[in-house]
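**Q** how does the following fold in three dimensions:
(one chain, ligands or ions: 2)
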Amino acid sequence: MLLNCLAINNSGIILSETSNNQLLKLHKKPTCLKTIDDSFLSLHNNNYKSMSNLVIIPTYNEKDNIERMVRKVMSLENSYNLLIIDDGSPDGTGTIVKQLMQEYTDRLFIVERKGKLGLGTAYIAGFKWALEHGYDYIFEMDADFSHNPEDLNQLYNACLNGADLAIGSRYIKGVNVVNWPMGRVLMSYFASAYVRFVTRMKIMDTTAGFKCYTSKVLKAINLDEIKLKGYGFQIEMKFTAWKLGFNIVEVPIVFTERREGVSKMSGGIFNEAFWGILRMKFRSFFKTYKRAGENTNK
Ligand SMILES: Nc1nc2c(ncn2[C@@H]2O[C@H](COP(=O)(O)OP(=O)(O)OP(=O)(O)O)[C@@H](O)[C@H]2O)c(=O)[nH]1
Ligand SMILES: [Mg+2]
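**A** Ligands and ions are numbered 1, 2, ... in the order given. From the prediction side, this is the model:
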């Protein structure tokens, strides 16, 4: 992409004008700056299109996938930024990411936590980081290539076309899962059906973990009140966004079983989701859902 000029507006946001007159938000100070006032900005407002994307990937022992995954995301056309939340992986995943950060200085970031604290809290940490840094489109993706990074663009387009939350769904056009044993496909499919039955959400893939949130959804949810940690976390986030009245769109994706590395799926995660969803639904009867900023959540 060709950058014509760099500027900073009155609110201190760094912008860059591209060859086709779009203004992009940047997150790192460029080497040369010129200061502009808001009259310049208003001239360009019609063309303003924020490209402030952040893909969040939680990792635990993903040394066989992480470098290939980082390089793949960095090569995609929408110039995604990437945040890895690594829980002190004993296999050195974090070290590999830090080496790559020297190559992708302004687009690759890491948050390191001490010990395996779970997928749900990893994403909550990532969401908070994303909001603090002013990102507009925030993606969830696994490190193991079960989610095809090429599909990020589909999720992004769905949000640009009006979705508040876009979900990469395995179950809206048949069952799009490659290389899972039949038992796991059936478990996942019927788990989704169970969640639909309990919650009444009209979402086909309720446990999906490949998503794009617009920042307004994450700002509206009280992240400290999300209780579930594993698959339940994915369900509770969708349920809360749905209760808050956001526009949720499912886009078809193909999910492929991991080829490298070790699974972290366990019976405990399944149990937490099964009972957790019932408790979540029960709590929802006593809760008034209001978007944060409109009022408190009770
Ligand atoms: N930071 C962090 N990441 C985790 C944790 N558990 C899993 N992950 C990551 O979350 C993503 C999804 O985990 P997976 O192990 O692929 O779970 P899954 O897709 O249900 O199961 P498999 O694909 O069969 O392994 C991967 O990128 C993992 O490395 C955790 O406790 N902390
Ligand atoms: Mg996986």
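
**Q** G232 is in contact with R279, isn't it?
**A** No: G232 is not in contact with R279 according to Cβ atoms under 8 Å; the separation is 9.4 Å. The C-beta positions use only the backbone N, C-alpha and C, and glycine is treated the same way.

**Q** of those two, which one has the most company?
**A** Shown here are G232 and R279; by other Cβ atoms under 10 Å, G232 has more neighbours (27 against 12).

**Q** ok, which stretches of this protein are strands?
**A** 3-8, 14-18, 23-25, 34-35, 53-59, 81-86, 108-112, 137-140, 165-169, 177-178, 211-214, 248-252, 255-256 (DSSP state E).

**Q** which one of these lies nearest to ligand 1?
**A** strand 53-59 (3.3 Å; Cβ to the nearest ligand atom).

**Q** close to ligand 2, is that closest one?
**A** No: judged by Cβ under 5 Å from the ion, strand 53-59 makes no contact with ligand 2; its nearest approach is 10.7 Å.

**Q** who's in contact with that strand?
**A** By Cβ atoms under 8 Å, 6 or more residues apart in numbering, the surrounding residues in contact with strand 53-59 are 66, 69, 73, 78-87, 89, 93-94, 97, 119, 122-123, 126-127, 130, 133, 135-143, 152, 156.

**Q** repeat for stretch 151-158
**A** 53, 55, 73, 76-78, 80, 137, 139, 141, 166-168, 210-212, 249, 251, 253.

**Q** please pick the buried ones from those.
**A** With burial judged by 16 or more other Cβ atoms under 10 Å, the buried subset of the contacts of stretch 151-158 is 53, 55, 73, 80, 137, 139, 141, 166-168, 210-212, 249, 251, 253.

**Q** farthest pair within those?
**A** Pairwise distances across the buried ones among the contacts of stretch 151-158 (Cβ to Cβ) peak at 22.1 Å, for the pair V73 and V249.

**Q** F190: which of the buried ones among the contacts of stretch 151-158 is nearest?
**A** For these, the nearest to F190 is I167 (18.4 Å; Cβ to Cβ).

**Q** isn't N61 right up against D144?
**A** No: applying Cβ under 8 Å, one finds N61 not in contact with D144, separated by 10.4 Å.

**Q** the two - which one has more neighbours?
**A** Legend: neighbour count by other Cβ under 10 Å for N61 and D144, higher for D144 (22 against 19).

**Q** pull up the gap between that one and Q154, please.
**A** Here the criterion is Cβ to Cβ, to the nearest Å. By it, D144 lies 19 Å from Q154.

**Q** same question for I138.
**A** I138 is 16 Å from Q154, by Cβ to Cβ.

**Q** so between those two, which is more surrounded?
**A** Between I138 and Q154, counted using other Cβ under 10 Å, I138 has the larger neighbour count: 26 against 16.

**Q** for the more buried one, name its beta-bridge partners.
**A** I138 has these beta-bridge partners by DSSP bridges: L54, Y213.

**Q** contacting residues for it?
**A** 53-54, 56, 126-127, 130, 212-215, 218.

**Q** again, but for Y194
**A** Y194 neighbours (Cβ under 8 Å, 6+ apart): 274, 277.

**Q** and R259, how many residues sit next to it?
**A** Applying other Cβ under 10 Å, we find 11 residues neighbouring R259.
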